[in-house]
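A.B. asks: Please find the sequence and the predicted model below.
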Amino acid sequence: MNALCWVRRDLRLEDHAAFSAATEAADRVVVGFVFDTRILDPLPRDDRRITFIHRSIEELDARLKERGSRLLVAVGDPIDILPRWVSALGIDAVYANHDDEPYAQQRDDEVARNLKVAGSRLETFKDHVIFERREVLNQAGEPFRVYTPYSRAWRARLQIDDVNPRVADEDRLWPSDQLPLGDALPPLEAIGFAERDLWLESGTSGAKSRLSDFTKSLDAYGKNRDFPGLEGTSGLSVHLRFGTLSIRECVRTALRHGSSGADTWLSELIWRDFYQMILANFPHVVDGAFKSEFDRIDWPGTEAHFKRWCEGTTGYPLVDAAMQCLNATGWMHNRLRMVAASFLVKDLLVDWRHGEAYFAEKLLDFDLASNNGGWQWCASTGVDAQPTYRIFNPILQSRKFDPDGTFIRRWIPELRHLSNDEVHWPHGCMVDYPHPVVEHGKQRELALALLRSAGQADQ
Ligand SMILES: Cc1cc2nc3c(=O)[nH]c(=O)nc-3n(C[C@H](O)[C@H](O)[C@H](O)COP(=O)(O)OP(=O)(O)OC[C@H]3O[C@@H](n4cnc5c(N)ncnc54)[C@H](O)[C@@H]3O)c2cc1C
């Protein structure tokens, strides 16, 4: 039997559910990747993520070559390319991992239909999360809507087999000299994208070395994770997004350590499963509020204020530093994502969907489920909503989480020489820095009124 392992958001060979299943079932397995033009066409030509993907794919190809095989690569629409590969190679089954994003679901349905016509089939596996879809349910047999009870049930359910590595038999790899197809990795420019500098190493090798460095400071994670001036978090989200690292390996690392820092990190990994589960069960979140009563709000924020937020010139130093960091690197610390998102919605009164779309365009680790979940959490329109609406004070957040202004100074050079006190609110000092676009106290009341009027059922 011949199989094709189609990699998508799982760009590795190690601990890979579909690859492991394919080598168990088939005599010969070839691995393939499609640069999906339906995803790529709308992206800006300097999108950093394509550099990360291209480099990771290059490494995957190199690893396959070391084992005497090679990666099949094509640029186009998977619904046409997969049947072509299947017919050319006599593939009995295509193996892939689940992807619960609405576009991926629709694409996989179409691919499965076309493969059937071509005399083959699509087999899919859970890989990207520990528990998916309807695996962790409440006592009524329904998906959870609040994180804390979900995480308790998640932990209670966890068995060793949920995190054991999915091992593949690499002797089953298809020898490259017996592959009649030319389809090889084109240079990035040939796909129409520009090479970008990245702040992190790509591929499995980049993921492994980052995980191993982070593991040394894992015990201090609980203490350091909220301070953007420190390197207190793993920076692994990009690798988890593109599957250059297995989520099971992260959970195994956390469990092996067993410290309270490691346990806090595990809770974050569970947040990731939680939002994936929400997206799978409540796909309406892609287009609107999880709690639809909040779709009634007509957010009065202006285009001009949204622009100031995007370019990081709101006059609120921590927000501006966060946005400048995002624009320059494609990265933002979790605490800053919360502060910047809260500021856009609760201070500038701009519809959270604009901010969500901006993050989706800029974040290297952009993941529909986590980004949407994070935005809805900050906008108080989603799951896990608290009885009183959560509104961050951007100046207090700044004093608390960037106490000596390390992060602000890194991104706003004009404020570098100010004292630790002034750096959080430089207005009145002799600096070339924008006036605050709005007054927090006043905007807070307006935001509360908007949320209360929409969510009365909630109060
Ligand atoms: C408005 C907003 C938008 C966000 N958008 C994204 C996004 O597009 N992609 C993304 O991966 N994360 C997103 N997050 C979650 C979180 O900010 C990032 O996962 C985290 O900052 C990544 O840094 P790290 O890898 O150093 O995390 P660590 O602190 O080391 O955490 C380890 C891993 O756990 C997961 N994780 C951590 N926190 C969360 C969380 N709150 N929700 C879901 N998963 C989490 C990530 O996979 C992360 O890599 C968003 C949060 C907010 C508030």
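C.D. replies: Received the coordinates, thanks. Numbers count the residues shown, from 1 in each chain.
A.B. asks: Not counting residues beside it along the chain, what's closest to the residue of the stretch 251-400 of the chain found nearest the ligand?
C.D. replies: Residue of the stretch 251-400 of the chain nearest the ligand, by CB to the nearest ligand atom: Gly374 (2.4 Å). Any C-beta I mention is one placed from the backbone N, CA and C, and that applies to glycine too. Among residues not flanking Gly374 along the chain, Arg337 sits closest, at 6.0 Å (CB to CB, 6 or more residues apart in numbering).
A.B. asks: List the contacts of the one you found.
C.D. replies: Residues in contact with Arg337 (CB atoms under 8 Å, 6 or more residues apart in numbering) are 322, 359, 374, 378.
A.B. asks: And the third one, how far from Val345?
C.D. replies: Read that as Gly374. Distance, Gly374 to Val345, by CB to CB, to the nearest Å: 12 Å.
A.B. asks: Is there proximity between the helix or strand where Ala262 lies and the ligand?
C.D. replies: Following DSSP states H and E, one finds Ala262 within helix 260-281. Yes. Judged by CB under 6 Å from any ligand atom, helix 260-281 and the ligand are in contact via 268-269, 271-272, 275.
A.B. asks: Neighbours of Gly90, how many?
C.D. replies: Residues contacting Gly90 under the criterion other CB atoms under 10 Å number 12.
A.B. asks: show me what contacts Glu99?
C.D. replies: In this structure residue 99 is Asp, not Glu. 8-9, 105, 108, 128.
A.B. asks: Which pLDDT does the model give the residue of the stretch 1-150 of the chain found nearest the ligand?
C.D. replies: Going by CB to the nearest ligand atom, the ligand is nearest to Tyr147 of the stretch 1-150 of the chain, at 9.2 Å. At Tyr147, the predicted lDDT confidence score is 96.
A.B. asks: Same question for Ala88.
C.D. replies: So Ala88 comes in at 97 (pLDDT).
A.B. asks: Met1 now?
C.D. replies: 97.
A.B. asks: One more: Ala385?
C.D. replies: pLDDT recorded at Ala385 is 64.
A.B. asks: Tell me how the protein divides into domains.
C.D. replies: 2-127, 129-165+204-281, 292-458 (automatic domain parsing).
A.B. asks: Between its first and last residues, what's the separation in the shortest one?
C.D. replies: Its start and end residues considered, domain 129-165+204-281 measures 15 Å (CA to CA, to the nearest Å).
A.B. asks: same deal with the first one?
C.D. replies: Terminal residues of domain 2-127 are spaced 22 Å apart (CA to CA).
A.B. asks: Report the contact partners of the residue of the stretch 251-400 of the chain closest to the ligand.
C.D. replies: By CB under 8 Å, 6+ apart, the neighbours of Gly374 are 275, 337-338, 341.
A.B. asks: how about it, phi and psi?
C.D. replies: Main-chain dihedrals, Gly374, degrees, to the nearest 10: phi -60, psi -40.
A.B. asks: swap in Val31?
C.D. replies: The phi/psi pair for Val31 (degrees, to the nearest 10) reads phi -110, psi 140.
A.B. asks: For it, which residues are in contact?
C.D. replies: Here Val31 is in contact with 4-5, 7, 13, 19, 60, 64, 69, 71-72, 173 (criterion: CB under 8 Å, 6+ apart).
A.B. asks: Just the ones in helices from the residues you listed, please.
C.D. replies: Among the contacts of Val31, DSSP state H puts 19, 60, 64 in helices.
A.B. asks: Highest neighbour count among these?
C.D. replies: Of these, with other CB under 10 Å as the count, Phe19 tops at 30 neighbours.
A.B. asks: sorry, back to before: quick check: of the ones in helices among the contacts of Val31, which lies closest to Arg410?
C.D. replies: Leu60 (34.0 Å; CB to CB).
A.B. asks: mind checking pLDDT for the closest one?
C.D. replies: At Leu60, pLDDT is 98.
A.B. asks: From Leu11, how far off is it?
C.D. replies: Counting by CB to CB, the gap from Leu60 to Leu11 is 6 Å.
A.B. asks: Check Leu448 too.
C.D. replies: For Leu448, the distance to Leu11 - CB to CB - is 44 Å.
A.B. asks: So for those two, which sits in the more crowded spot?
C.D. replies: Between Leu448 and Leu11, counted using other CB under 10 Å, Leu11 has the larger neighbour count: 25 against 15.
A.B. asks: mind checking the SS state of the more buried one?
C.D. replies: Following DSSP: H, G, I helix; E, B strand; the rest coil, the label given to Leu11 is coil.
A.B. asks: Make sure it is actually in contact with Arg55.
C.D. replies: No. Leu11 lies out of contact with Arg55 (CB atoms under 8 Å); the separation is 9.8 Å.
A.B. asks: Mind listing the shared neighbours of those two?
C.D. replies: Shared contacts of Leu11 and Arg55 (CB under 8 Å, 6+ apart): Gly203.
A.B. asks: right, is stretch 339-349 up against the ligand?
C.D. replies: Yes. Shown here: stretch 339-349 in contact with the ligand (CB under 6 Å from any ligand atom) through Ala341.
A.B. asks: Can you pull out the residues in contact with that stretch?
C.D. replies: 299-302, 305-306, 309, 314, 316, 318-319, 322-323, 326, 332, 350-352, 354-355, 359, 374-375, 378-379, 389-392, 394, 397-398, 437-438, 440, 443-444, 446-447, 450.
A.B. asks: residues in contact with the residue lying closest to Ser205 once chain neighbours are set aside?
C.D. replies: In space, Ser205 comes closest to Glu59 once its chain neighbours are excluded; the distance is 6.4 Å by CB to CB, 6+ apart. Going by CB under 8 Å, 6+ apart, Glu59 touches 202-205.
A.B. asks: try it again with 10 Å
C.D. replies: Contact partners of Glu59, counting by CB atoms under 10 Å, 6 or more residues apart in numbering, are 11-12, 71, 201-206, 244.
A.B. asks: what's the answer for Glu445, then?
C.D. replies: Ile391.
A.B. asks: which stretch of helix or strand covers it?
C.D. replies: helix 440-454.
A.B. asks: pLDDT averaged over that helix - what is it?
C.D. replies: On average, helix 440-454 scores 95.
A.B. asks: and if you look at stretch 33-53?
C.D. replies: The average pLDDT within stretch 33-53 is 97.
A.B. asks: For that stretch, what is the distance to the chain centroid?
C.D. replies: Centroid displacement of stretch 33-53 relative to its chain, using CA atoms, centre = their mean, to the nearest Å, is 15 Å.
A.B. asks: likewise stretch 128-138?
C.D. replies: Worked out by CA atoms, centre = their mean, stretch 128-138 lies 18 Å from the chain centre.
A.B. asks: Next: stretch 312-319.
C.D. replies: Distance, centroid of stretch 312-319 to centroid of chain: 25 Å (CA atoms, centre = their mean).
A.B. asks: same check, this time on stretch 358-375
C.D. replies: 6 Å.
A.B. asks: From the opening residue of it to its closing one, how far?
C.D. replies: Stretch 358-375 has its terminal residues 11 Å apart, counting by CA to CA.
A.B. asks: circling back: from the contacts of stretch 339-349, which ones fall inside helices?
C.D. replies: Using DSSP H, these in helices are 305-306, 309, 318-319, 322-323, 326, 352, 354-355, 359, 374-375, 378-379, 394, 397-398, 440, 443-444, 446-447, 450.
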